[in-house]
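Asks: Got a predicted model here, sequence first, then my questions.
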Amino acid sequence: MSRSNQIDEIDVLRIVNQWVASAGGESIAATIIGISRQALNAQRNAVKRFSDRVLAAAGLRRVVTVHYEFIEGAE
């Protein structure tokens, strides 16, 4: 059985929080990746979306997909 590579926002938050804890806290984690503690805090509290820099530090990347569907009743 293979692990799914798709995760939801709750998983992302959990993984980022684990990375912050393993780095030694929010201030240290922010310093490591070159952003302010306030910017990292805003992302962890869903005020702003996670930046590519934060995601990469936590071992993640954002993948955007597009899908199409039929509109009911459209001809």
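Replies: Good, I have the coordinates. Numbers count the residues shown, from 1 in each chain.
Asks: Would you mind listing where the protein has pLDDT under the threshold?
Replies: 1-4 (pLDDT under 70).
Asks: mind checking the longest helix of it?
Replies: helix 9-23 (DSSP state H).
Asks: Can you spell out which helices and strands pack onto that helix?
Replies: Counting contacts by 3 or more Cβ pairs under 8 Å, 6 or more residues apart in numbering; DSSP states H and E, helix 9-23 packs against helix 26-33, helix 37-44, helix 52-57. Every C-beta, even on glycine, is put in place using the N, C-alpha and C of the backbone.
Asks: what's the angle between that helix and helix 26-33?
Replies: 90 degrees (axes from the mean of the first three to the mean of the last three Cα atoms, to 10 degrees).
Asks: what's helix 9-23 in contact with?
Replies: 7, 26, 29, 32, 40, 43-44, 50, 54-55, 57-60 (Cβ atoms under 8 Å, 6 or more residues apart in numbering).
Asks: what's the closest of those residues to residue 75?
Replies: Closest approach to residue 75 among the contacts of helix 9-23 (Cβ to Cβ): residue 7, at 38.2 Å.
Asks: what's near enough to touch that closest one?
Replies: 15, 60.
Asks: SS state for it?
Replies: Of the three states, residue 7 takes coil according to DSSP: H, G, I helix; E, B strand; the rest coil.
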